[in-house]
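A.B. asks: below is the sequence, then the predicted model.
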Amino acid sequence: MRCLLGPLLLAGVGCGGDSDPIQQLDVGPIQPAKCDLRAQSGCNLAEKCTWIVEESPRGGCTPEGGIQIGQFCERTSNGADECIVGAACLEAACRQICSLEDGVPLCFPGFRCVPYPIEVEQTNAGVCIPESGV
């Protein structure tokens, strides 16, 4: 059997025959990371930059979700949400992340960019809400 080294070796997965046990990793709580909400940069593959709402709200990297913009969402037990990359959960709906400063990314017509209702160290990022309110 051929064995690929690299990320698998780092993840604690061994090489060998079919009888080798696969070790599960305990990734623990979401770790703070410097990331850019507007550019969706600074996170690992299959992660997104979003607001993490827990005891001390903050911006950080979380696993990317599959819930589309405009669809129902909830916060997970670790304070993250399950919205797609570039969106955040606000008022039980996934909302597009937008720029409060220079308009990039822009909101779709009929929507406006407002500050996310929690204070975090991320600056100049908000969410798109309908012009008529939330």
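C.D. replies: Looks like it came in fine.
A.B. asks: ok, which stretches of the chain are helices?
C.D. replies: 7-10 (DSSP state H).
A.B. asks: now do the contacts for the residue nearest to residue 98 when sequence neighbours are not counted.
C.D. replies: Leaving out its chain neighbours, the residue that sits closest to residue 98 by CB to CB, 6 or more residues apart in numbering is residue 113, at 3.8 Å. All C-beta atoms are positioned from the backbone trio N, CA, C, and that covers glycine. Going by CB atoms under 8 Å, 6 or more residues apart in numbering, residue 113 touches 98, 99, 100, 103, 106, 107, 126, 127, 128.
A.B. asks: do the same with residue 66
C.D. replies: Residue 66 makes contact with 82, 84 under the criterion CB under 8 Å, 6+ apart.
A.B. asks: and what of residue 108?
C.D. replies: By CB under 8 Å, 6+ apart, the contact set of residue 108 is 96, 128.
A.B. asks: what score does residue 58 have for pLDDT?
C.D. replies: For residue 58, the model assigns a pLDDT of 77.
A.B. asks: my guess is residue 97 contacts residue 107, does it?
C.D. replies: No. Here residue 97 does not reach residue 107: they are 9.8 Å apart, not a contact under CB atoms under 8 Å.
A.B. asks: higher neighbour count, these two?
C.D. replies: Ranked by neighbour count (other CB atoms under 10 Å), residue 97 and residue 107 place residue 97 first, with 27 against 21.
A.B. asks: report the beta-bridge partners for the more buried one.
C.D. replies: Judged by DSSP bridges, the bridge partners of residue 97 are residue 127.
A.B. asks: strands along the chain, start to end?
C.D. replies: Using DSSP state E, the strands of the chain run over 47-52, 58-63, 87-90, 93-99, 111-115, 125-130.
A.B. asks: hmm, back to that, could you turn the buried ones of the contacts of residue 113 into a ChimeraX selection?
C.D. replies: ChimeraX command restricting those to the buried ones, with burial defined by 16 or more other CB atoms under 10 Å:
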select :98,99,107,126,127,128
